[in-house]
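A.B. asks: Okay, here's the prediction I keep looking at, along with the sequence it came from:
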Protein chains: 4
Amino acid sequence: MNKRFQKQLTQARRQQIIDAAVQVIAEQGFQNTTIKQIAARAEVADGTIYNYFKNKDDILLAIIRQVTEVEVRDLHFAEAQQMKLSDFVHEYVAHRMAEVDEGYPIMKVLIGETLANPQLVQQVYDEVYRPAFGAAEHFFQQLMAQGQLRNGDPALFARLFAAPVLGLLTLRMMGDDHVAENWPAYAEAVGNGLLSMLENKANSEK
Amino acid sequence: MNKRFQKQLTQARRQQIIDAAVQVIAEQGFQNTTIKQIAARAEVADGTIYNYFKNKDDILLAIIRQVTEVEVRDLHFAEAQQMKLSDFVHEYVAHRMAEVDEGYPIMKVLIGETLANPQLVQQVYDEVYRPAFGAAEHFFQQLMAQGQLRNGDPALFARLFAAPVLGLLTLRMMGDDHVAENWPAYAEAVGNGLLSMLENKANSEK
Amino acid sequence: MNKRFQKQLTQARRQQIIDAAVQVIAEQGFQNTTIKQIAARAEVADGTIYNYFKNKDDILLAIIRQVTEVEVRDLHFAEAQQMKLSDFVHEYVAHRMAEVDEGYPIMKVLIGETLANPQLVQQVYDEVYRPAFGAAEHFFQQLMAQGQLRNGDPALFARLFAAPVLGLLTLRMMGDDHVAENWPAYAEAVGNGLLSMLENKANSEK
Amino acid sequence: MNKRFQKQLTQARRQQIIDAAVQVIAEQGFQNTTIKQIAARAEVADGTIYNYFKNKDDILLAIIRQVTEVEVRDLHFAEAQQMKLSDFVHEYVAHRMAEVDEGYPIMKVLIGETLANPQLVQQVYDEVYRPAFGAAEHFFQQLMAQGQLRNGDPALFARLFAAPVLGLLTLRMMGDDHVAENWPAYAEAVGNGLLSMLENKANSEK
DNA sequence: TATGAATGAGAATTCATTCAT
DNA sequence: AATGAATGAATTCTCATTCAT
């Protein structure tokens, strides 16, 4: 049987279209990108797109899901590795930075498109942010139990943790040169700020 | 001469259209809003819009400029009032919170639309963020000169200051209930974090 | 005020589009007719169509409504004129024949489209046939009260009355030459059949 | 040689596709039915359809031909059985009734699709109605020769005979509840009407 | 023969913008 | 200046048909 092979081919073609879409959408934004352009970049016919995606929005969702997977996987990885808080902070900030610079220029569009599209917000939040925060909260609870993190609401910590990075990313995405050019300084400042805010002082003083 | 009067009339009509556009765009997003809808809300004919704005994008820019003016004006006000750093932090966070809740639901759309539209980013950054950061930097230099702010790069401080608030706002806009429902706790935590990061310890220790 | 004038212009333009649509649809069927073709025949731009009709189906409904109006109006006219049954039968058959030959080649498409389109059937029946049968039943009740029509269910009579004409029209529409070429003979046969079936024998025997 | 066997297989597969098509088309109408749906129902691949039918329209024609065959076969059967006119009328009306209720919901679509599609009318009339009327005329001539049917144009009789049934069927197909719910009454009325119109009075009086 | 992924022409519909009045 | 009907380019999506395997 070559059903498995078929499935691989299908997956490959799907990924080929997603990759093309990421490129074009990152360049022009989602709404300004036409199916024709995505198809051209993927080197398939327009109609072929619709053999793999229900409609244009479905492509956006597929991209979002792909980005999310990485995000949540990272958090689970950190948890599984029993990472120290300080190491995790360092890792997390560095990783997100890399995404913007190289890996995921698409993120700018995803965040923007989501905010701009009231009908999309709920769906994206549910599929991306909720699971990510859920994983983060779980990880923070573990750290709290270990005494690494000061006691408090893990949900609040998770969001306080994400906020400055998200904010800096946003500024970065908007083309703020100062943030871009001095990222190490920002990363350090934010990392220190987060650590001083979240660390269990009692513990660290010992 | 009634040229002055004419100009006032023109300004009033222009503002009438902007106000209508803000309403409709805040409800539906920019791309989903038609000129027809804006014209209907403003109670003018479709064609009339084009006597006051070059095209649809021009309306968005006008809105953005208007919002910015307020932002920059606030910063200048803080500077003119010789506000203390701690008061300013409190004011700033409270103010941005109010914007999301009541005053400027349009901000969500503006941020989103901007990020989603790569061609718009540069323009908006130059017209909105650059002047705002410029004013903030100026204000921070003043505070530094007064010894309220620890010595350092005022540009970096300005962005570090804006980042967590911008991040929390983004989460808020995406419908994160925890942020929305515990805003005072977030405001306090962020405020404290910013103060401990920016305050001139030497000064405060005296 | 020229509001009235405006309204007339709008009505005229709407009718112009309907007329064009009737022509093209009668030639090709509804599903095979494109908006582009209708627009071209009406000598307007494609988009103009949508200033007067919500969508393509809406054009079909407008046509159907127009045809119906005539039908129901005829029935009310017959009733108002206190027509004799035999005169009415003659008039009715002759009239419907004329419709097929000259006035309403569109009817063929309307009937066909309706039957072929399960979603359209209910709507068309409600808007066209129900009122027509309602008027017919009312007229027949009047005739019954006058003793011209034998006693019975007026609803049944109305449908028995319409059936052979509708059937012959269908054959005619399908291009049956014998029906087309011998219409007078058919008309007489059907008329006699209907009269012998519906007439109050007691009355006519007197 | 297994050529005969091959041919049987081919025929069976063809019929399998026709049966599937009848089901799906009866449910949704012809134009709303896709080759994909027919293929899925027939449990074959899309492309396979094209080994048995030239194109989509060809499937419709095949269905029409099949229905016709039954029709004409019935007429020949009646002729062969030397049916009495009154029995035939009864049989015919009952049979057509059953078709609508249970056996051939596809007929509604066929009639509708045909009328809606001017290019199809000629072909269908030639393939379906002409042979059917031919057979009917032949049968009626036989009845005439036997003195059961009054003298006259058998072509006219054939169509006069079909018209009211066709008309009632059309009303029934359009969802007329009164016709549907009182079918026996209609059947009897139409039967009686037809008999009184066609019977050889001289003969029956004897 | 059977498959079903790929194709791409073609359709309905939208809407920013124009321009005659 | 104001109007709003007309425009038509542009877009998403469908689906009959083909063809390499």
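C.D. replies: Sure thing, it's come through. As the structure is a computational prediction, the values presented were derived from the model and not from experiment.
A.B. asks: going forward, measure contacts between C-alpha atoms and count neighbours the same way
C.D. replies: Fine.
A.B. asks: residues making contact with the helix or strand harbouring residue A:180?
C.D. replies: Secondary structure from DSSP states H and E places residue A:180 in helix A:177-181. Residues outside helix A:177-181 that contact it (Cα atoms under 8 Å, 6 or more residues apart in numbering or on different chains) are A:168, A:171, A:172, A:186, B:155, B:156, B:159.
A.B. asks: just stretch A:69-83 next, same as before
C.D. replies: If you take Cα under 8 Å, 6+ apart as the criterion, stretch A:69-83 is touched by A:88, A:131, A:132, A:135, A:136, A:139, A:142.
A.B. asks: how close does the third one get to DNA strand E?
C.D. replies: When you say that, I think you mean residue A:132. Residue A:132 sits 33 Å away from DNA strand E, taking Cα to the nearest atom of the strand, to the nearest Å as the criterion.
A.B. asks: picking that back up, go through the contacts of helix A:177-181 and name the one nearest residue A:52.
C.D. replies: Closest approach between those and residue A:52, by Cα to Cα: residue A:172, at 33.3 Å.
A.B. asks: before we move on, which element is that closest one in?
C.D. replies: Per DSSP H and E, residue A:172 falls inside helix A:154-173.
A.B. asks: Show me what that helix is packed against.
C.D. replies: When contacts are defined as 3 or more Cα pairs under 8 Å, 6 or more residues apart in numbering or on different chains; DSSP states H and E, helix A:154-173 packs onto helix A:85-98, helix A:130-145, helix A:177-181, helix A:183-198, helix B:154-173, helix B:177-181, helix B:183-198.
A.B. asks: Mind doing that once more with 6 Å?
C.D. replies: The contact analysis (3 or more Cα pairs under 6 Å, 6 or more residues apart in numbering or on different chains; DSSP states H and E) places helix A:154-173 against helix A:130-145, helix B:154-173.
A.B. asks: next one: the last one to chain centre, how far?
C.D. replies: Helix B:154-173 sits 12 Å away from the centroid of its parent chain (Cα atoms, centre = their mean, to the nearest Å).
A.B. asks: What would that helix look like as PDB? C-alpha coordinates only.
C.D. replies: This file holds the C-alpha atoms of helix B:154-173, laid out as PDB (Å, rounded to 0.1, in the frame of the first residue of the first chain):
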ATOM      1  CA  PRO B 154      16.600  57.800  27.500                       C
ATOM      2  CA  ALA B 155      15.600  56.200  24.200                       C
ATOM      3  CA  LEU B 156      15.900  52.800  25.800                       C
ATOM      4  CA  PHE B 157      14.000  53.900  28.800                       C
ATOM      5  CA  ALA B 158      11.200  55.300  26.700                       C
ATOM      6  CA  ARG B 159      10.800  52.000  24.900                       C
ATOM      7  CA  LEU B 160      11.200  49.800  28.000                       C
ATOM      8  CA  PHE B 161       8.500  52.000  29.600                       C
ATOM      9  CA  ALA B 162       6.100  51.600  26.700                       C
ATOM     10  CA  ALA B 163       6.700  47.900  26.100                       C
ATOM     11  CA  PRO B 164       4.800  46.200  29.000                       C
ATOM     12  CA  VAL B 165       1.900  48.600  28.700                       C
ATOM     13  CA  LEU B 166       1.700  48.000  25.000                       C
ATOM     14  CA  GLY B 167       2.000  44.300  25.600                       C
ATOM     15  CA  LEU B 168      -0.700  44.200  28.200                       C
ATOM     16  CA  LEU B 169      -3.000  46.400  26.000                       C
ATOM     17  CA  THR B 170      -2.400  43.900  23.100                       C
ATOM     18  CA  LEU B 171      -3.500  41.000  25.300                       C
ATOM     19  CA  ARG B 172      -6.400  43.000  26.600                       C
ATOM     20  CA  MET B 173      -7.400  43.800  23.000                       C
END
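A.B. asks: what residues does stretch A:149-160 touch?
C.D. replies: Contact with stretch A:149-160 is made by A:136, A:137, A:143, A:198, A:199, A:200, as judged by Cα atoms under 6 Å, 6 or more residues apart in numbering or on different chains.
A.B. asks: quick one: which of the residues you listed is most hemmed in?
C.D. replies: When neighbours are taken as other Cα atoms under 10 Å in any protein chain shown, the top entry among those is residue A:136 (25 neighbours).
A.B. asks: pLDDT below threshold where in chain A?
C.D. replies: Along chain A, segments meeting pLDDT under 70 span A:1-4, A:100-105, A:118-119, A:201-206.
A.B. asks: redo that, cut-off 80
C.D. replies: By pLDDT under 80, the low-scoring segments of chain A are A:1-8, A:67-72, A:74-75, A:78-80, A:93-109, A:115-124, A:127-128, A:199-206.
A.B. asks: Show me it divided up by domain.
C.D. replies: A:1-53, A:61-205 (automatic domain parsing).
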